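K.L.:
Okay, sequence plus prediction incoming.
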Amino acid sequence: MSEKKRILSGIQSSGALHIGNYFGAIKQYIELQDEGDGLYFIANYHSITSVQDKDKLRKLTQNAVLDLLALGLDPEKATLFRQTDVPQVTELAWILGCVTTKGLLDRATSYKDKIQRGLTPNVGLYTYPVLMAADILLPRADLVPVGKDQQQHLEMTRDIAGYFNETYNVDLFPLPEAKLNEYKIVIGTSKNEDGSFQKMSKSYNNTIDIFSEGKALKKAVMSIQTDSTPLEEPKNPEKCIVYNLYSLFSTKDEQTEMAENYRAGNYGYGTAKKELLQKINDLFEPSREKRKLLCNDPDFIEDILQSGAKRVRELGAETMDIVRMAVGIG
Ligand code: ADP
Ligand code: TRP
């Protein structure tokens, strides 16, 4: 009998989840939950690398759980847990760190990006990929659905798994594969000074949040950066953030229609923004309602998280027994 593939992914609770997280990661979690043994978690140990305010961290973590459930992650089909309820990952991370060279971590582009954006270069941020490897290897996951920006972390996880197997002469860890989505990187609501697109990210202040609604959502959409081409002149859809974001929510025909409107002239960015706003509302409205209901039931949510963590701790215990024996501490 062939066993179901184990699919695992995590999302940091370092800010409100945005449409980049949705198209880059969450949409895949939900689609994949029927295909394999899905394990999904809120990476709140990772969040501590940047969020160091206890009330804020707690709130963001709780919000991320509500977001995933409201968007359709189904605890009957997949396991949902908080990373900090599975502290074995920190033990495994230490052991994996001892077979990982500094040179490997020095190559991590996400660390360099974060430092450039002004995050404090704490050791946690530097060894972030080792903890991520531990998250994936503890339950011995096969497949990891993530956005393209996480691809290098997945390659590092494969390297680290290989170092461990080789150092201790065991065949313990499978080499996990990244599962990238079709959207690649979702762009943010403003551009760089040189006119190039930015990645949408919690730390760039250029997001449209999934659960934003009403006036706040309208403001976020209406303030998307556009150029000053007059209304009557033709416009280039490919270079426009509004068109690019609209493409995520629409069919090929709808995209072609908007692109033709841009090229024909007499079509303003304001009109395109209203069409985008409508699409966002259509897609997320049912989840907003569901989220409001879930908010009223914190005990139900906590039960889901506790039973999820229990299962992952059990899977983790099997791995850690072998790891500890292999290392000579079991
Ligand atoms: P952020 O960059 O906003 O802090 P995270 O690092 O917490 O987001 O990312 C969580 C998941 O969402 C990851 O799988 C990541 O690849 C995906 N993701 C984040 N931003 C984007 C984006 N702009 N486009 C595509 N995927 C993204
Ligand atoms: N680093 C991921 C991100 O920023 C979050 C994460 C932590 C993760 N551990 C993971 C993703 C394990 C996949 C698997 O998006």
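P.N.:
Cool, got the structure. Ligands and ions are numbered 1, 2, ... in the order given.
K.L.:
Then Leu276 would be within a helix, right?
P.N.:
Yes: counting by DSSP: H, G, I helix; E, B strand; the rest coil, Leu276 is part of a helix.
K.L.:
check contacts around it.
P.N.:
Val221, Ile224, Val242, Leu245, Tyr246, Phe249 (CB atoms under 8 Å, 6 or more residues apart in numbering). For glycine as for every other residue, the C-beta is placed from the backbone atoms N, C-alpha and C.
K.L.:
mind redoing it with 6 Å?
P.N.:
Val221, Val242, Leu245, Tyr246 (CB atoms under 6 Å, 6 or more residues apart in numbering).
K.L.:
pLDDT at the residue nearest to the last one when sequence neighbours are not counted, what is it?
P.N.:
Leaving out its chain neighbours, the residue that sits closest to Tyr246 by CB to CB, 6 or more residues apart in numbering is Leu276, at 4.7 Å. What the model reports for Leu276 is a pLDDT of 98.
K.L.:
Ligand 2 versus Leu276, what's the distance?
P.N.:
Noted for Leu276: a distance of 25 Å to ligand 2, by CB to the nearest ligand atom, to the nearest Å.
K.L.:
where's that residue relative to Phe197, distance?
P.N.:
From Leu276 across to Phe197, the span is 16 Å (CB to CB, to the nearest Å).
K.L.:
Check Thr84 too.
P.N.:
Taken as CB to CB, the span from Thr84 to Phe197 is 34 Å.
K.L.:
swap in Arg313?
P.N.:
In terms of CB to CB, Arg313 sits 41 Å off from Phe197.
K.L.:
and Gly10, that one's in a strand?
P.N.:
Yes: counting by three-state DSSP, Gly10 is found in a strand.
K.L.:
Report how many residues lie close to it.
P.N.:
Neighbour count of Gly10, defined by other CB atoms under 10 Å: 24.
K.L.:
residue in the protein nearest to ligand 1?
P.N.:
Nearest residue of the chain to ligand 1 (CB to the nearest ligand atom) works out as Gly24 at 1.9 Å.
K.L.:
Give me the pLDDT for Met325.
P.N.:
Reported pLDDT for Met325: 98.
K.L.:
I meant Ser2, not that one.
P.N.:
51.
K.L.:
Show me which residues of the stretch 151-300 of the chain are close to ligand 2?
P.N.:
Residues of the stretch 151-300 of the chain lying near ligand 2 by CB under 6 Å from any ligand atom: His153.
K.L.:
helix or strand for Arg313, which one?
P.N.:
With elements taken from DSSP states H and E, the one containing Arg313 is helix 298-327.
K.L.:
what helices or strands is that helix leaning on?
P.N.:
Applying 3 or more CB pairs under 6 Å, 6 or more residues apart in numbering; DSSP states H and E, one finds that helix 298-327 contacts strand 79-82.
K.L.:
what residues does the following helix or strand past the strand it packs on touch?
P.N.:
For strand 79-82, the following helix or strand on the C-terminal side (DSSP H and E) is helix 88-97. Residues outside helix 88-97 that contact it (CB under 6 Å, 6+ apart): Val130, Leu131, Ala133, Ala134, Asp135, Leu138, Ile160, Gly316, Met320.
K.L.:
can you pick the most crowded of these?
P.N.:
Busiest of those [other CB under 10 Å] is Ala133, holding 29 neighbours.
K.L.:
Let me see the contact set for the closest residue to ligand 2 within the stretch 151-300 of the chain.
P.N.:
Residue nearest to ligand 2 within the stretch 151-300 of the chain (CB to the nearest ligand atom): His153, separated by 5.8 Å. Taking CB under 6 Å, 6+ apart, we find His153 in contact with Pro129, Met132.
K.L.:
Tell me how far the stretch of helix or strand it belongs to lies from the chain's centre.
P.N.:
Using DSSP H and E, His153 maps to helix 151-167. Centre-to-centre, helix 151-167 and its host chain are 20 Å apart (CA atoms, centre = their mean, to the nearest Å).
K.L.:
per-residue confidence averaged over it?
P.N.:
98.
K.L.:
what domains does the record give for the protein?
P.N.:
6-180+297-327, 187-291 (automatic domain parsing).
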